[in-house]
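Student: Pasted the sequence and its predicted model underneath.
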Amino acid sequence: MAKRIEKQFKITAPGGQATPAPPIGPALGANGINPGQFIQAFNERTKDLNGKVVGCLITVYHDRSFDFEIKSSPAAILILGAAGIEKGSGTPNTLKVGQITKDQVKAIAEEKLSDLNANSIESAMRIIEGTARSMGVTVKEG
């Protein structure tokens, strides 16, 4: 018999280096999960990512047990890394803070394809390009 789902929520955490300190610990505790138990399992499953921020979908069951699914890094974090900048622009329509190439966009789209609402790599690339534009990062050919 399937377990009854109580809650589902998402967090982002550094792979292999998560700690029960805020903001992760309080979010877990508020949803009925033992932070120490989750952190140990999360760090074990993400030890090969070593500090790369990843998304995590956590499902809490009625008996207070839980499952979690590791997602790819947020697109904005991947774009910042590819552009070599610390943060996006506060006014992306006027102030451009960096640039990435189409090849970098394609690499990010391939990494995120399973988590995006896209059927092809081309549509995934358009989603990533839109995210880059909204951050003040220009996409150049080549």
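Tutor: Nice, I can see it.

Student: Could I get the buried residue list for the biggest helix by length in the chain?
Tutor: If you go by DSSP state H, the chain has its longest helix at helix 121-134. Residues of helix 121-134 classed as buried: 124-125, 127-129, 131-132 (neighbour count, 16 or more other CB atoms under 10 Å). Glycine gets a C-beta too; all of them are placed from N, C-alpha and C.

Student: In a markdown table: these, plus distance to N50 and pLDDT.
Tutor: Shown next, in a markdown table, are those (distance: CB to CB, whole Å; pLDDT from 0 to 100):
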| residue | distance to N50 | pLDDT |
| --- | --- | --- |
| A124 | 25 | 92 |
| M125 | 27 | 93 |
| I127 | 27 | 93 |
| I128 | 23 | 93 |
| E129 | 28 | 93 |
| T131 | 24 | 91 |
| A132 | 25 | 92 |
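
Student: With distance to T59 as added columns, please give these in JSON lines.
Tutor: Formatted as JSON lines, those follow (distance: CB to CB, whole Å):
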{"residue": "A124", "distance to T59": "26"}
{"residue": "M125", "distance to T59": "31"}
{"residue": "I127", "distance to T59": "26"}
{"residue": "I128", "distance to T59": "27"}
{"residue": "E129", "distance to T59": "32"}
{"residue": "T131", "distance to T59": "27"}
{"residue": "A132", "distance to T59": "31"}
